[in-house]
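Peer 1: this one's sequence-less:
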């Protein structure tokens, strides 16, 4: 059995329960601009870099859809909500983080969210001490589903991706982690693994604490 020395975590929908907020506030923001965005439109762009999400949104809502203005307004709505209500941690996060830390596994975050906001969120939930690096979407040229962010995070840990587990909740993130060569573990959030994604994952668990079992004999 291959030894795993590193673990790389997506953030939104995986560590913190923000995906439902992104759905809510993308839809609200688009409505404020006069567009009827649907939940499935938001699902389709989860974890996608702007290079991919902008044309996808325009294909759904029209070439005139003001993607960046709507995104900026969405971020303002999201931040106001989080400032008032805080962040909800996903079930079992700290059980898994404690287990990996106690067994000498190096950890990093790899998220399409900009680095400054990612650092703020990780600090806000009290998890910053677990991570050697936080790699945000603005630190790389080609975001998810390309492998670059996982390759960058593994490099920051000083490890080959083949010695890293990657935790993801979205199909685009799964594709990114798998193509980088990581042992890819899915913790579903908004969607379950489908026939396209299932061959790319090493394991699937319904909460992070249950993923502790994946590391038995591997660390």
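Peer 2: Arrived safely. Just so we're clear, the structure is a prediction, and the values are computed from it rather than from any experiment. Numbering: from 1, shown residues only.

Peer 1: Name the residues of the helix or strand encompassing residue 99 that come out as buried.
Peer 2: In this structure, residue 99 sits in helix 93-102 according to DSSP states H and E. Neighbour counts over helix 93-102 (16 or more other Cβ atoms under 10 Å) mark 93-94, 96-97, 99-101 as buried. (C-beta placed from N, C-alpha, C; glycine too.)

Peer 1: That helix - what's its average pLDDT?
Peer 2: What helix 93-102 shows for mean pLDDT is 98.

Peer 1: Start the count at 685 instead of 1 going forward.
Peer 2: Okay, residue one is now 685; in that scheme the one you just asked about reads as helix 777-786.

Peer 1: who does that helix touch, helix- and strand-wise?
Peer 2: If you count contacts as 3 or more Cβ pairs under 8 Å, 6 or more residues apart in numbering; DSSP states H and E, helix 777-786 packs onto strand 790-794.

Peer 1: Sheet partners, orientation included, of the strand it packs on?
Peer 2: strand 690-693 (parallel), strand 817-819 (parallel) (DSSP bridges).

Peer 1: What angle do helix 777-786 and that strand make with each other?
Peer 2: With axes from the mean of the first three to the mean of the last three Cα atoms, to 10 degrees defining the directions, strand 790-794 sits at 140 degrees from helix 777-786.

Peer 1: Give me the distance between strand 790-794 and the centre of its chain.
Peer 2: Put simply, strand 790-794 sits 11 Å off its chain's centre (Cα atoms, centre = their mean, to the nearest Å).

Peer 1: could you show me where the strands are in this protein, in order?
Peer 2: For the chain, strands defined by DSSP state E occupy the ranges 690-693, 790-794, 817-819, 848-852, 867-870, 887-888.

Peer 1: re earlier: show me what the helix holding residue 783 is in contact with.
Peer 2: 691, 699, 791, 809, 811, 814, 892-893, 895-896, 899, 903 (Cβ atoms under 8 Å, 6 or more residues apart in numbering).

Peer 1: Now which of the residues you listed would you call buried?
Peer 2: Counted by 16+ other Cβ under 10 Å, the contacts of helix 777-786 give 691, 699, 791, 809, 811, 814, 892-893, 895-896, 899, 903 as buried.

Peer 1: Now compare those residues and name the two farthest from each other.
Peer 2: Of all pairs drawn from the buried ones among the contacts of helix 777-786, the one with the longest distance (Cβ to Cβ) is 809 and 903, at 23.8 Å.

Peer 1: Give me the mean pLDDT for the longest helix seen in the chain.
Peer 2: Secondary structure assigned by DSSP state H gives helix 751-769 as the longest helix of the chain. For helix 751-769, the mean pLDDT works out to 95.

Peer 1: Check which helices and strands it sits against.
Peer 2: So helix 751-769, by 3+ Cβ pairs under 8 Å, 6+ apart, packs with helix 703-716, helix 734-745.
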